[in-house]
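*Asks:* Got a predicted model here, sequence first, then my questions.
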Amino acid sequence: MERGATSGERAAARAAATRLAAAAGLSLAEALALVDRAHAPRPGSADAPRRPQPTGPSPWTRPDPAPKRAGEPKPPPEPITADEVRRQKEADEARRKRAATRAAKRPRPVDPAWEHWSAEVRAAQAARDRDWAERRQSGTAPRSAPRTSE
């Protein structure tokens, strides 16, 4: 009960153990004696440890993947130049343009709702155009083209 704990943790554990023992109708000393008897080695059994001691490396630790080289330190990387930054930007822009060209060539699926809406808009515009053309023929329409926005 004393291993690996702070004094506050030990006091809390002792208080909890006392409450448990009292709930069982025992004092703390009686409960500890009962536990010690339960864990005592039985006569006729070997005094072998309960758990075998691990041998070799722990299964939870990984070996170092690359051993450290003992030699001269690695030189610092060369600073990047403005020309190199410009070349990188140009290459990135070219890559983006190629991707945009490929995306533009791909067929897009037709959206029925969009097609329905655009057909309605085209029909309304055609009706306005016909009306304007008729009024122009009769002389009541202005000479300029009809306005397409409402």
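*Replies:* Looks like it came in fine.

*Asks:* from here on, contacts and neighbour counts on C-alpha atoms
*Replies:* Will do.

*Asks:* in the lowest-mean-pLDDT helix or strand in the chain, what's buried?
*Replies:* Here the helix or strand of the chain ranked lowest by mean pLDDT, DSSP states H and E is helix 28-39, holding a mean of 86. Residues of helix 28-39 classed as buried by neighbour count (16 or more other CA atoms under 10 Å): 28, 31.

*Asks:* Report all helices and strands that that helix contacts.
*Replies:* helix 7-23 (3 or more CA pairs under 8 Å, 6 or more residues apart in numbering; DSSP states H and E).

*Asks:* from the chain's centre, how far out does the helix it packs on sit?
*Replies:* The chain centre lies 42 Å from the centre of helix 7-23; the measure is CA atoms, centre = their mean, to the nearest Å.

*Asks:* On the three-state scheme, Gly4 is what?
*Replies:* Following DSSP: H, G, I helix; E, B strand; the rest coil, Gly4 is assigned to coil.

*Asks:* Before we move on, what's the pLDDT of it?
*Replies:* On pLDDT, Gly4 comes in at 74.

*Asks:* State the distance from it to Arg10.
*Replies:* 9 Å (CA to CA, to the nearest Å).

*Asks:* do Lys89 as well
*Replies:* Lys89 sits 63 Å away from Arg10, going by CA to CA.

*Asks:* Flag every buried residue along the longest helix along the chain.
*Replies:* Longest helix of the chain, by residue count under DSSP state H: helix 112-138. Buried positions in helix 112-138, judged by neighbour count with 16+ other CA under 10 Å: 125, 129, 132.
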